[in-house]
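>>> let me see the structure of the following:
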Amino acid sequence: MRVEQVTSDLTVIGGGLAGVCAAIAAARQGATVSLVQNRPVLGGNSSSEIRVWVCGATAHGVQQYARETGIMGELWLRNQATNPDGNPYYWDLVVLEAVRAEPNITLFLNTDIRDSEADGPPQERTIRSVTGWMMGSERLITFTSQVFCDCTGDGYLGYLAGADHLTGRESRDVYGESWAPVVADSTTLGSTILFYTKDAGHPVGFVAPSFAVDIERTGIPEHRLITPDMNGCDYWWIEWGGELDIVHDDARIRDELQGVIYGIWDYIKNSGKFAADNLTLEWIGAVPGKREYRRFLGDYVLTQHDVLNQTEFDDRAGFGGWSIDLHPAGGVYATEPGSRHWHPDGNYHIPLRSLYSRNVTNLWMAGRNISASHVAFGSTRVMATCALTGEAAGLGAAVAVGNDLTPRRLATEQLELFQRALTKSDASVLGLVDTDPANQSLTATAKASSTLRDVCVEGPIVAAFELKSAVGVVLPVAPGFEGLELLVEADADTEIVVTVHATDKAQVYLPGSPISSATVPVMGGRAEWIEVPVKAGLEGSANVFVVIEKNPLARLQLADHSEPGILVLRHRDAPPDEIWTEQFRHWKLAEHRRSVCLRTRGNVDVYDARHVIGGYARPYAGPNMWVSAPLADDSSPWIELRWSARVTLTELTVILDDSLDIDLTNLHRQRTEFDTMPGLLTDYTIQAETAEGWIEVAVVRGNQRRKVRHLFKPELTAEAIRLVAQATGGDPHAHVVSLRAY
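Now for the predicted structure:
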């Protein structure tokens with residue numbers, strides 16, 4: 001046996017997406033990081049060992065413009081470019097390569113933490129070291145750091161160190177949560193094992209093992225959907241163990257789940273109810289994917305109310321958007337539906353105070369063990385949201401260590417240090433503007449060769465959009481907004497009723513308070529542009545929600561494209577399978593990347609060049625980006641920063657539009673048509689105006705990244721710096737979200 005000592009600024013325990021993002025975030029801040037993972041691969045539940053698809057704030061398209069940026073966003077884009085068909089082994093590579101690209105990270109795979117050295121009284125513990133055994137290598141390794149981050153999911157490190165934590169469900173009176181049980185209990189969400197099938201091209205038999213569950217003697221065929229073309233996460237409901245101890249009974253849960261899978265497969269192959277002769281099992285998991293165990297207590301506990309009310313935390317560190325998603329205790333054997341969902345109206349904030357222990361002074365936590373009630377955890381537990389908390393915790397840990405601060409002091413006394421680092425890294429956070437004094441673009445003015453003026457979609461027309469139910473259009477508007485026109489066709493003389501609503505919160509894309517309304521006559525016959533005399537009356541840039549009421553005689557005209565910030569939704573009644581929940585969405589996205597034909601007037605600042613300076617780096621009360629005139633009219637559009645005197649630059653960071661309206665996942669569930677996000681600039685050059693005139697300082701070809709850093713060695717002295725766009729990922733305009741000069 002080899003006994004080793006490893007010292008680093010931060011030790012991250014757990015190599016799921018939370019741990020990976022924590023390690024990368026800290027490393028990019030200059031901290032040395034030991035990343036310790038007890039499995040042979042990274043990715044946790046998303047890895048090829050378990051194969052759960054990565055879900056996040058988009059909630060499979062329920063939330064708009066909600067896809068994650070930051071490190072999770074980088075993983076999304078890299079996977080889409082190299083693995084659009086969702087091969088789980090290629091996803092392993094995406095995650096592994098992201099870690100190996102960081103020289104400040106030392107990776108320890110197959111290393112299981114067994115012990116922790118911590119001291120101090122119960123309410124002020126400090127971790128000194130943790131010790132792990134590297135399986136297959138017979139190495140006993142002790143990791144010593146100033147701070148530690150528990151990303152184990154099960155919360156094992158914090159448990160060893162004496163961190164305050166909870167398991168199970170709190171009673172309703174603890175936080176006043178309507179979805180909490182009246183009496184507290186130890187019930188958790190269960191674990192899942194998945195399986196994949198394939199068509200062998202010839203008949204393949206199957207003889208069930210003796211331990212296969214006879215599912216026809218259970219309620220599974222009656223209460224769960226089973227078809228021969230389902231695969232992988234289509235079977236998310238194969239869940240069990242929530243009434244046991246998810247950790248200590250892990251082996252029993254694994255055996256039961258595998259028995260259920262072989263029973264389902266026997267039912268598909270041998271019941272005679274399916275055409276499945278040529279199907280065979282390709283893969284079955286051996287490691288249960290856990291959903292829930294310990295939740296640590298931080299200085300703040302996120303609750304159901306914070307998720308649903310979208311509490312505006314000053315110390316916001318990230319966001320979520322997945323529904324509160326809770327499952328029955330009986331799992332696969334339950335007679336009620338396999339899950340129930342309560343969606344917030346939009347994305348909600350996660351505070352920094354929920355990402356560190358309240359009683360262990362140097363313990364950060366990220367992933368499914370953060371400080372949240374069981375009900376709120378029902379939303380925060382999904383992996384892309386776990387990844388965001390990982391990035392925030394890792395970045396926070398590095399900033400705190402670099403400034404000799406405890407996590408609590410960083411969150412309560414020096415919050416600006418953390419949030420400036422958060423915005424500079426392009427992390428996923430809502431409602432934070434760039435105020436970094438090191439960013440010299442804040443003292444510049446922005447100018448562009450062209451700008452898309454007004455918010456208009458005039459065609460080409462591809463279909464008629466019937467008003468069989470009410471239609472909603474999300475419109476980005478500027479203070480000069482003076483009215484709206486719609487292209488309407490009617491079978492006979494009629495009228496349409498249009499109401500403009502505020503969206504109440506900047507990250508919400510649903511109708512809120514009504515602002516103005518108009519009833520407009522429409523002549524029967526061919527489609528005509530109809531002026532709708534509505535106003536927004538808003539002081540700043542915002543989104544409004546325009547409702548066109550139901551009229552069976554009238555049809556809007558649908559164009560083959562949209563513009564940034566425009567969404568088309570349709571009103572619907574609750575389908576029967578949603579009535580039993582407490583909340584459902586009346587408004588659902590009706591068209592993706594297509595719009596009804598519309599014109600606005602006086603709305604000229606929505607896509608202005610000024611948006612690339614400071615402000616928000618993602619959609620929030622508007623698109624928040626510069627959009628050029630069509631490339632057909634301006635084939636090489638440019639945007640520049642100009643100063644009143646020469647400045648010295650060592651870096652230009654370009655933030656591009658990675659089409660956050662497109663929902664992505666890592667595995668087989670969906671296949672988007674875009675390998676490269678259409679809003680990205682794939683080809684561009686950077687030019688600088690120096691004492692010698694304009695010079696070219698960078699050339700980019702084939703870009704597939706949202707955030708691109710251009711480092712100038714030697715440093716550059718210039719009066720202006722310009723980005724010239726040459727090609728996009730498919731969009732007919734050039735988009736730039738932010739230019740940051742340091």
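>>> quick check: end-to-end length of stretch 202-210?
26 Å (Cα to Cα, to the nearest Å).
>>> quick one: buried residues of it?
Of all the residues in stretch 202-210, those buried under the rule 16 or more other Cβ atoms under 10 Å are Phe206, Ala208. Bear in mind the C-beta positions are built from the backbone N, C-alpha and C, glycine included.
>>> got it, and stretch 277-293?
Quick answer for stretch 277-293 (16+ other Cβ under 10 Å): Leu279, Thr280, Gly285, Pro288, Gly289, Lys290, Arg291, Glu292, Tyr293.
>>> dump those residues into JSON lines; add distance to Asn347, pLDDT and secondary structure as well.
Compiled in JSON lines, those are given as follows (distance: Cβ to Cβ, whole Å; pLDDT from 0 to 100; DSSP: H, G, I helix; E, B strand; the rest coil):
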{"residue": "Leu279", "distance to Asn347": "40", "pLDDT": "98", "secondary structure": "strand"}
{"residue": "Thr280", "distance to Asn347": "42", "pLDDT": "98", "secondary structure": "strand"}
{"residue": "Gly285", "distance to Asn347": "31", "pLDDT": "97", "secondary structure": "coil"}
{"residue": "Pro288", "distance to Asn347": "30", "pLDDT": "97", "secondary structure": "coil"}
{"residue": "Gly289", "distance to Asn347": "25", "pLDDT": "97", "secondary structure": "strand"}
{"residue": "Lys290", "distance to Asn347": "25", "pLDDT": "97", "secondary structure": "coil"}
{"residue": "Arg291", "distance to Asn347": "22", "pLDDT": "97", "secondary structure": "coil"}
{"residue": "Glu292", "distance to Asn347": "22", "pLDDT": "98", "secondary structure": "coil"}
{"residue": "Tyr293", "distance to Asn347": "26", "pLDDT": "98", "secondary structure": "coil"}
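>>> neighbours of Gly402, how many?
15 (other Cβ atoms under 10 Å).
>>> ugh, wrong one, I meant Gln5
That count, for Gln5 with other Cβ under 10 Å as the rule, works out to 10.
>>> check contacts around it.
Counting by Cβ atoms under 8 Å, 6 or more residues apart in numbering, Gln5 makes contact with Ile141, Thr142, Thr144.
>>> narrow the residues you listed to those in strands?
Counting by DSSP state E, those place Ile141, Thr142, Thr144 in strands.
>>> quick one: the strands in the stretch 501-650 of the chain, in order.
Under the criterion DSSP state E, counting those that start in this stretch, strands of the stretch 501-650 of the chain are mapped to 514-522, 525-532, 542-548, 554-559, 567-571, 587-591, 598-601, 626-627, 638-655.
>>> out of those strands, flag the one nearest Ala334.
strand 587-591 (27.3 Å; Cβ to Cβ).
>>> now that closest one - C-alpha only, PDB.
Extracted in PDB, the C-alpha atoms of strand 587-591 (Å, rounded to 0.1, in the frame of the first residue of the first chain):
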ATOM      1  CA  TRP A 587     -49.800  29.000 -22.000                       C
ATOM      2  CA  LYS A 588     -47.600  26.700 -24.000                       C
ATOM      3  CA  LEU A 589     -45.100  27.500 -26.700                       C
ATOM      4  CA  ALA A 590     -46.800  27.000 -30.100                       C
ATOM      5  CA  GLU A 591     -44.100  27.700 -32.600                       C
END
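>>> could you list the buried residues of it?
By neighbour count on 16+ other Cβ under 10 Å, the buried set for strand 587-591 is Trp587, Leu589, Ala590, Glu591.
>>> same check on stretch 14-31?
By neighbour count on 16+ other Cβ under 10 Å, the buried set for stretch 14-31 is 14-29, 31.
>>> which stretches in the protein count as helices?
17-28, 70-82, 88-100, 156-161, 172-175, 220-223, 250-270, 304-309, 374-380, 383-402, 407-412, 415-424 (DSSP state H).
>>> out of those, deepest packed?
helix 17-28 (a mean of 31; mean count of other Cβ atoms under 10 Å).
>>> so what's the residue count around Val532?
Neighbours around Val532, by other Cβ under 10 Å: 23.
>>> show me the contacts for it.
Val532 makes contact with Gly483, Leu484, Glu485, Leu486, Val498, Ala518, Val520 under the criterion Cβ under 8 Å, 6+ apart.
>>> ok, the second one touching Gly602?
Spelled out, that is Leu484. No. In this structure, Leu484 is not within contact of Gly602 by Cβ atoms under 8 Å, at 10.5 Å.
>>> neighbour-wise, which of the two wins?
Set Leu484 next to Gly602 and count neighbours by other Cβ under 10 Å: Leu484 wins out with 27 against 14.
>>> okay but Gly259 is in contact with Asp214, surely?
No. In this structure Gly259 lies outside contact range of Asp214 using Cβ under 8 Å: 9.7 Å.
>>> separation between Ala184 and Ala334?
According to Cβ to Cβ, to the nearest Å, Ala184 and Ala334 sit 20 Å apart.
>>> per the record, what domains does this protein have?
2-178+295-424, 191-284, 440-450+608-741, 461-601 (automatic domain parsing).
>>> quickly list what the nearest residue to Ala200 once chain neighbours are set aside is bridged to.
Nearest-residue entry for Ala200: Thr280, 4.8 Å, with adjacent residues in sequence omitted and distances by Cβ to Cβ, 6 or more residues apart in numbering. With DSSP bridges as the criterion, Thr280 is bridged to Lys198.
>>> quick check: Thr280 touching Pro203?
No. Counting by Cβ under 8 Å, Pro203 is not a contact partner of Thr280; they are 9.7 Å apart.
>>> report the strands that pair with the longest strand seen in the chain, each with its relative direction.
If you go by DSSP E, the chain has its longest strand at strand 707-728. Sheet pairing for strand 707-728, assigned by DSSP bridges, gives strand 638-655 (antiparallel), strand 681-690 (antiparallel).
>>> now do the buried residues in it.
Residues 707-708, 710, 712, 716, 718-728 are the ones in strand 707-728 that count as buried (16+ other Cβ under 10 Å).
>>> how far does stretch 709-720 sit from the chain's center?
Distance, stretch centre to chain centre, for stretch 709-720: 33 Å (Cα atoms, centre = their mean, to the nearest Å).
>>> now swap in stretch 253-273 and tell me
Offset of stretch 253-273 from its chain centre (Cα atoms, centre = their mean): 33 Å.
>>> ok, stretch 144-158 next?
Centroid separation for stretch 144-158 versus its chain: 23 Å, with Cα atoms, centre = their mean.
>>> okay, buried residues for it please.
So, applying 16+ other Cβ under 10 Å, buried residues of stretch 144-158: 144-158.
>>> ok, stretch 461-473 next?
Those would be Ile461, Phe465, Glu466, Leu467, Ala470, Val471, Gly472, Val473, for stretch 461-473 by 16+ other Cβ under 10 Å.
>>> tell me if I'm right that the third one and Leu553 touch.
Read that as Glu466. No. Here Glu466 does not reach Leu553: they are 9.9 Å apart, not a contact under Cβ under 8 Å.
>>> now for the strands of the stretch 501-650 of the chain, which one comes closest to His327?
The nearest among the strands of the stretch 501-650 of the chain, by Cβ to Cβ, is strand 587-591 at 23.5 Å.
>>> so what strands line up beside that closest one?
Strand 587-591 has these strand partners (DSSP bridges): strand 567-571 (antiparallel).
>>> per-residue pLDDT, Arg535?
Not quite, residue 535 is Lys, not Arg. With respect to pLDDT, Lys535 has a value of 85.
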